[in-house]
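K.L.:
just to be clear, the model below is a prediction. Sequence and coordinates:
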Amino acid sequence: MVNETVRHDFATIAAWVKPGSRVLDLGCGDGTLLKYLMDARQAHGYGVDIKDANILACVRKGLNVIQNDLDSGLSGFEAASFDYVILSQTLQAMKHIEQVIGEMLRVGKEAIVAFPNFGYWRHRVQVLQGHMPVSTNLPYQWHDTPNIHLCTLKDFEAFCATHGIRILQRVVMDGEREIGFLPNIRGSVAAYRIERG
Amino acid sequence: MSKLIVTPQTARFDAPLTLKSGAVLPSYELVYETYGTLNADKSNAVLVCHALSGNHHVAGYHSEHDKRPGWWDNMIGPGKPIDTGRFFVIGLNNLGGCHGSTGPSSINQHTGKPFGASFPVVTVEDWVETQARLADLLGIRQFAAIVGGSLGGMQVLQWSVNHPDRLRHALVIAAAPKLTAQNIAFNDVARQAILTDPDFHGGDYYAHGVVPRRGLRIARMLGHITYLSDDVMGEKFGRLLRSGAYNFGYEVEFEIESYLRYQGDKFADSFDANTYLLMTKALDYFDPSHHHQHSHLSETMQAARARFLVISFSTDWRFSPARSREIVKALLDNNLDVSYAEITAAHGHDAFLMEDPHYHNLVRTYMERVAGEGEAA
């Protein structure tokens, strides 16, 4: 069955994953992306999540899921043991960004990172109006948000440059539209495929 | 709802069994119980492996008047997480046990006396071999799942390596890939308590009409301390005094003393000391990687084919979550299907026997998938 509500960034990620790949989905949530990758790309995958409810949801879907705190690293995974390590919409909630990205690129031959763009124009307008932004991709109020490390596309790309990370591909979206012109302003979500430089 | 009534059965094996130690048992018996119905293609069987002090009486009651159900009755039964309405569940008493299977307290037919000290040491691998023979007898070629906690989980792990094609799913709960020095040390203190009891008589206490009660009691008290977490002990007993004041003596004063002595007494009345020695030794020897050059679990698990559910408990310090993660890593290294959950629970190692909504939900959900596969096939 084709899920019509598949998130647009999922489709982007799936398009990057070669069929039959071995994937590790960090912060896999209820396993929707992982299930999609298994069905659409015949991936052999494992999810990683910390929440009990998400472990249960993944097991219910018949997925492999490992309960683990991402902020404590990926010591249980061998170097270069996955074709892709994916971090979708989770980066901004991580405590130790350098460590997480470093671990992703140790365990995975490539990594795929998708996150909400803080530089999106609607966010900028809200900040100019004097408020912390709230949007479809940043649905939380300032006082209940799990997001502690929000960044813009420029910030992320600067991070990659200073950390010896090569960007292989980038897709910027707003809803279902792909954004080519002024992506750091017009894009609400970005996905990057990266490798160790 | 009416009680699930079960009757233990006995299987006799007359083909000699060569044990890992080299000793040969010419014949032996295994006592077992079954719950639910084996389906026509014999694909819905689930084997439950017991831990140190467990036995074949896994679930249900032995009669309408029976007050105490089997030791894992909260997990196994009609409508329970391991649903006997869908699965044919088998519990057995391991070889060397003291609940009906051939063990040190059984009569040696050659001598007409209990085996006692002459009963050979058995290992987890030996158990798996005898369990496989029981499966043969029941016509079960492949189990839908094999399930076990603690020492039971170690048997599941061994099964997955020794008979990779005979189980589709392995549920390894609160286990470890092998004991640590600390774990062996605890076991040895327990054994020393028994071995140095004047009533032990070199293991042949049956002939003297006594049992090494004091030793067995202390062994169990020590075990109990390691099965509970510091937190739960503190919460349950704290420094509570039975009489509310110090008596400045050595009688029972603190509630924890009273609890441990009660547990020790209860156990000493119902368990055989030689079996306790044998079970702890099986634990110590367990190391499925023992034969491998580098003693590397990942190499050992190359043989496995089952899909795994590995579960640990946050406050279990006897077999901590880190030990379960070692198992998970070895499975990941071999690209095997595995899910791993660390259950937040206060009860330490004992948590695997407790009723915890998330833990039970997880096992239920997993087993529903297992049952679904069987029905689809």
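P.N.:
All right, it came through fine. Residues are numbered from 1 along each chain as shown, chains lettered A, B, ... in the order given.

K.L.:
wait, A:Glu110 sits on A:Glu195?
P.N.:
Yes - with contact defined as CB atoms under 8 Å, A:Glu110 counts as touching A:Glu195 (5.0 Å). All C-beta atoms are positioned from the backbone trio N, CA, C, and that covers glycine.

K.L.:
more neighbours: which of those two?
P.N.:
A:Glu110 (22 against 13; other CB atoms under 10 Å in any protein chain shown).

K.L.:
quick check: that one is in a strand.
P.N.:
Yes - assessed with DSSP: H, G, I helix; E, B strand; the rest coil, A:Glu110 lies in a strand.

K.L.:
in the chain, which residue is closest to the centre?
P.N.:
The chain I'm using is chain A. Per CA atoms, centre = their mean, the C-alpha nearest to the average position across chain A is that of A:Ser88, at 1.8 Å.

K.L.:
that was the other one, I meant chain B.
P.N.:
Closest-to-mean residue, chain B, CA atoms, centre = their mean: B:Ala51 / 1.3 Å.

K.L.:
that one reaches B:Gly149, doesn't it?
P.N.:
Yes - counting by CB under 8 Å, B:Gly149 is a contact partner of B:Ala51 at 5.9 Å.

K.L.:
pLDDT below threshold where in the chain?
P.N.:
No chain in the question, so chain A it is. The model of chain A has pLDDT under 70 over residues A:1-6.

K.L.:
my bad, the chain I had in mind was chain B
P.N.:
B:1, B:293-295, B:375-377.

K.L.:
picking that back up, overlap in contacts, A:Glu110 and A:Glu195.
P.N.:
The overlap between the contact sets of A:Glu110 and A:Glu195 (CB atoms under 8 Å, 6 or more residues apart in numbering or on different chains) consists of A:Leu168.

K.L.:
could you look up the SS state of B:Ala341?
P.N.:
strand.

K.L.:
ditto for the one 5 residues further on
P.N.:
In the three-state summary, B:Ala346 is assigned as coil, counting by three-state DSSP.

K.L.:
distance-wise, check it relative to chain A.
P.N.:
As judged by CB to the nearest CB, to the nearest Å, B:Ala346 and chain A stand 15 Å apart.

K.L.:
tell me how many other residues crowd the closest residue to that residue other than its chain neighbours.
P.N.:
Nearest non-adjacent residue to B:Ala346, counting by CB to CB, 6 or more residues apart in numbering or on different chains: B:Val232, 4.7 Å away. Close neighbours of B:Val232, defined as other CB under 10 Å, add up to 17.

K.L.:
name the nearest residue to the residue nearest to the centre of chain A, ignoring sequence neighbours.
P.N.:
Closest to A:Ser88 by CB to CB, 6+ apart is A:Ala114, at 4.5 Å.

K.L.:
pretty sure the one you found is in a strand, no?
P.N.:
Yes - under three-state DSSP, A:Ala114 falls within a strand.

K.L.:
surely it and A:Gln92 touch.
P.N.:
No - taking contacts as CB under 8 Å, A:Ala114 lies outside contact range of A:Gln92: 10.4 Å.

K.L.:
which parts of chain B are strands?
P.N.:
For chain B, the strands defined by DSSP state E cover B:9-13, B:17-18, B:24-25, B:28-35, B:45-49, B:76-77, B:82-83, B:88-92, B:107-108, B:113-114, B:143-149, B:167-173, B:307-313, B:338-343.

K.L.:
what of chain A?
P.N.:
Using DSSP E, the strands of chain A run over A:22-26, A:44-49, A:64-67, A:82-88, A:108-116, A:165-174, A:177-178, A:189-196.
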